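[1] here is my input; please provide its structure:
(one chain, ligands or ions: 1)
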Amino acid sequence: MSGKRILTGVKPTGNPHLGNLYGAILPAIKKANESDEPSYIFIANIHALNGVKDPDFLRDRTYAVAATFLAFGLDVNKSIFYRQSDIPEIFELTSLLMNYTPKGLMNRAHAYKAILERDGNDDNVNMGLYTYPILMAADILAMQSNIVPVGLDQKQHIEIARDIANSFNSMYKKEVLTLPMEFIEHQDSIMGLDGRKMSKSYGNTIELFATEEDTKKKIMKIPTDSLLPSDKKSEDSILYKLMKMFNVDAEYMKNFIDGGIGYGDAKKVLAETVNNYLRPYRAKYNELMQNKSQIDEYLSAGAIKARATASETLKKVKQTLGLIG
Ligand code: TRP
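    Numbering: from 1, shown residues only. The predicted structure is shown next:
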């Protein structure tokens, strides 16, 4: 996809799991590494602030997101990799974009609406959460990005960014801001350990960087019925579906269905398969987390480049508005 600028951000709010990897992280790395021009990949630490108030946690999770991208192969020689908070131009642009964003557009944002429905009012919604989509639009528009790889849950946010850019350009009758398009590689989500969609809020995740022991413990708790090892098993069971998802040996799976293997044994094999897959990435991640100054170096180098791009955009925007000559 030549001539298209790729951009994406990930919020440092928790322990990354396989659902994040499949939905957002791997598609973004793939797109970034394939692109002819530098991609913009960043850690959205200001976006995390509407919920995260623990500074040590935020600092640590910021490194964790960075180490995740690096461990899974983001090429930092090709991509521009940075912390959102290192780019003040993004916040300046956010303030300006406020004036082109109708309140009604924010009222329709899914995350805000969900709280409003839950609480019956929005008294406890902080303005960081309410204006989250404007900050996200500034992330995207500051870098004049064309393609934004995201998980399915972020589609609306990219549409909002496009709306804001479009109203801005129409108002001034000039193509000042590039209209971004979302890129959603998978329309489905990965299944969690309880059969529902894998999500932190369901507590059914396989964490990328948990220990092998903890991963195994969680997998051993996958719900099963009371069939005996010698009973024939259903291909509809959660355990079987997960075994398939992780490409457990085909003959072993057939044997399991035919009544040659019990649930406990199958879970052990699944745990081993998952741990085998994750082992090299975990090693790389742990090595990086021991060497945070290396991560800082990458992010600082990225910030210099990202700031250069964002300043250019900001200059154009300010000229358009009549703030500078
Ligand atoms: N809102 C995104 C999420 O929760 C993170 C994000 C912030 C982002 N800014 C972005 C994603 C800009 C893509 C582009 O996952």
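[2] okay, now the residue in the stretch 151-300 of the chain that the ligand sits nearest to: neighbour count?
    Of all residues in the stretch 151-300 of the chain, Q154 sits closest to the ligand, at 5.3 Å by CB to the nearest ligand atom. Quick note: C-beta positions are derived from backbone N, CA and C, even for glycine. For Q154, the count of nearby residues is 19 (other CB atoms under 10 Å).
[3] pretty sure it sits against F183.
    No. Between Q154 and F183 there is no contact under CB atoms under 8 Å: 10.6 Å.
[4] so what sits against both of the two?
    Residues touching both Q154 and F183 by CB atoms under 8 Å, 6 or more residues apart in numbering: V148.
[5] other SSEs contacting the longest helix anywhere in the chain?
    Longest helix in the chain, counting residues (DSSP state H): helix 292-321. Under the contact definition 3 or more CB pairs under 8 Å, 6 or more residues apart in numbering; DSSP states H and E, helix 292-321 sits against strand 40-43, helix 55-71, strand 80-83, helix 88-97, helix 132-142.
[6] switch the cut-off to 7 Å
    Contacts defined by 3 or more CB pairs under 7 Å, 6 or more residues apart in numbering; DSSP states H and E place helix 292-321 against helix 55-71, strand 80-83, helix 88-97, helix 132-142.
[7] E175 is nearest to which of these?
    E175 lies closest to helix 132-142 among those, at 12.1 Å (CB to CB).
[8] downstream of that closest one, the next helix or strand is which one?
    Sequence order places strand 147-149 as the next helix or strand after helix 132-142, per DSSP states H and E.
[9] what are the contacting residues of that following strand?
    Here strand 147-149 makes contact (CB atoms under 7 Å, 6 or more residues apart in numbering) with 1, 4, 6-8, 27-28, 31, 140, 158, 180-183, 185.
[10] OK, contacts around the residue in the stretch 201-325 of the chain that the ligand sits nearest to?
    With CB to the nearest ligand atom, the shortest gap between the stretch 201-325 of the chain and the ligand falls at A306, namely 12.4 Å. A306 is in contact with Y40, I80, Y82, I87, M143, counting by CB under 7 Å, 6+ apart.
[11] how about the residues of the stretch 101-250 of the chain that lie near the ligand?
    Applying CB under 6 Å from any ligand atom, one finds that the stretch 101-250 of the chain approaches the ligand through M136, D139, I140, V148, V150, Q154, H157.
[12] pLDDT added to the residues you listed, as CSV?
    Output for these, formatted as CSV (pLDDT from 0 to 100):
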residue, pLDDT
M136, 98
D139, 98
I140, 98
V148, 98
V150, 96
Q154, 96
H157, 98
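[13] go through those residues and name the one nearest Y281.
    Distances from Y281 to these, taken by CB to CB, are shortest for V150, at 21.4 Å.
[14] what is the burial count for that closest one?
    Neighbour tally, V150, other CB under 10 Å: 22.
[15] distance check, it against H157.
    Computed with CB to CB, to the nearest Å, the distance linking V150 and H157 is 8 Å.
[16] likewise for D258?
    For D258 relative to H157 (CB to CB), the value is 47 Å.
[17] what's the answer for S300, then?
    Taken as CB to CB, the span from S300 to H157 is 27 Å.
[18] neighbour-wise, which of those two wins?
    Between S300 and H157, counting by other CB under 10 Å, H157 is the more crowded of the two (22 against 12).
[19] would you agree the more buried one falls within a helix?
    Yes. H157 sits within a helix when classified using DSSP: H, G, I helix; E, B strand; the rest coil.
[20] surely it and P133 touch.
    Yes. Using CB atoms under 7 Å, H157 makes contact with P133 at a distance of 5.4 Å.
[21] ramachandran angles for T101?
    Main-chain dihedrals, T101, degrees, to the nearest 10: phi -120, psi 110.
[22] offset the numbering so it begins at 386, please.
    All set: I'll call the first residue 386, so the last point we hit is now T486.
[23] hang on, it packs against I519?
    Yes. Proximity of T486 to I519 meets the contact threshold set by CB under 7 Å, at 5.3 Å.
[24] mind checking which of those two has more residues around it?
    I519 (23 against 19).
[25] give the residue farthest from the middle of this structure.
    Residue farthest from the centre of the chain, counting by CA atoms, centre = their mean, is S615 at 42.3 Å.
[26] turn the residues of the stretch 486-635 of the chain next to the ligand into TSV, including distance to A550.
    What follows is these, written out as TSV (distance: CB to CB, whole Å):
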residue	distance to A550
M521	12
D524	12
I525	8
V533	12
V535	16
Q539	16
H542	13
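[27] D634: which of the residues you listed is nearest?
    Taking CB to CB as the measure, D634 lies nearest V535 of these, at 34.0 Å.
[28] ramachandran coordinates for the closest one?
    V535 has phi and psi values of phi -150, psi 170 when expressed as degrees, to the nearest 10.
[29] what sits closest to it if chain neighbours are left out?
    Distance criterion CB to CB, 6 or more residues apart in numbering; nearest residue to V535, sequence neighbours excluded, is E567 at 5.7 Å.
[30] repeat for Y666
    Per CB to CB, 6+ apart, closest to Y666 is A456, 4.9 Å.
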